[in-house]
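In: How does the following fold in three dimensions:
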Amino acid sequence: MKYDVLVSGMMVVDLLIELPAQYTKGSKQEVRQISVQGGAPAGNAACVIASSGISTAFLGYKSDTVLSHIAIQEFERCNVDTSLLLEKDKFQPAIAAVEVDPVNGERTVFYSLNGYMPLAPEDIYEVSVKNCRLILVDGYDVAGNLALLKLAKKHKITSVLDLEAGNSTDLLQMIQLGGHIILPLEGAQFISGQQTVEDCLFALAKETKGQLVVTDGVNGSWALENGNIIHQPAFPTNAIDTTGCGDAFHGAYAIALLSGKTLRQRLQYATAYASIIATFFGGRSYYPSQSEVESLIIKYQELCQ
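Out: The predicted structure follows:
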């Protein structure tokens, strides 16, 4: 099957729970919301892109386990092509328990990697890569994603990197290969050894010719363009749950990139999209339409100069 976007990264199943403001430990407690969804940076971004109508495939492993079936069903619910998932004996998606604060929507994530196996370079076939328009990878399945980035560079395919954490040497190598590198401020500080957004961007710019973007939640995002730093403020949002907001930003950035939007327009689109996701419980509960996102941009036009 032909697809426009190929996504690779950690496969996760999320168990989200909104804890009550007060509860007694050791007792049974009814809660307002519990939800089981697919998760993880690359997986969530793949669902964002596919839900916009762009043909998107996910590359990784699968097995005959409950968690694997849930992960696959979640992809298919969001129109992500799962035909590239390879059978891997004893493979298990990672699992995360996500505690959502009912007051401010902030989440705390507890996760387990037991049974998880990252994509290996020998399981990547060049024919699966060379005909797509864009590759999106995270910083977790390092060896496989490095191989994908090298193939993307070989075939002059645009790439988007969603880098959160990991080994600084590995992440720096990915940055050097990437076309569009999006990092949270904490990650940019870790890799560059700098503290301010400006210093991080200028330091990382010495390592790559790619487009650098740094995000920092409610403080917005920054990008380096022709030696100048541009800032996109976050939009005012009544956050219900921040799970998957960063992942939505990356997926929406990729959508805007494929549609030919300028850097400033890409940041605006990604910012608006992520702010809408924050108003729902779980990162895969809702996917706004293009018109909905653009209406929000118009609403907050004063923040989009």
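In: Can you tell me which residue is spatially central in the chain?
Out: By Cα atoms, centre = their mean, the mean C-alpha position of the chain lies nearest to residue 247, the distance being 2.8 Å.
In: Reduced to three states, what does it come out as?
Out: Here residue 247 is recorded as helix under DSSP: H, G, I helix; E, B strand; the rest coil.
In: Skipping its backbone neighbours, what lies nearest it in space?
Out: Closest residue to residue 247 apart from its sequence neighbours, by Cβ to Cβ, 6 or more residues apart in numbering: residue 44 at 3.5 Å. C-beta coordinates here come from the backbone N, C-alpha and C atoms, glycine included.
In: Isn't the residue nearest to the centre of the chain up against residue 49?
Out: No - using Cβ atoms under 8 Å, residue 247 is not in contact with residue 49; the gap is 10.7 Å.
In: got the buried residues for stretch 3-17?
Out: Residues of stretch 3-17 classed as buried: 3-14, 16-17 (neighbour count, 16 or more other Cβ atoms under 10 Å).
In: Redo those as JSON lines? Include distance to residue 236.
Out: Converted to JSON lines, the buried residues of stretch 3-17 look like this (distance: Cβ to Cβ, whole Å):
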{"residue": "3", "distance to residue 236": "36"}
{"residue": "4", "distance to residue 236": "33"}
{"residue": "5", "distance to residue 236": "30"}
{"residue": "6", "distance to residue 236": "35"}
{"residue": "7", "distance to residue 236": "30"}
{"residue": "8", "distance to residue 236": "34"}
{"residue": "9", "distance to residue 236": "30"}
{"residue": "10", "distance to residue 236": "31"}
{"residue": "11", "distance to residue 236": "34"}
{"residue": "12", "distance to residue 236": "30"}
{"residue": "13", "distance to residue 236": "32"}
{"residue": "14", "distance to residue 236": "26"}
{"residue": "16", "distance to residue 236": "24"}
{"residue": "17", "distance to residue 236": "27"}
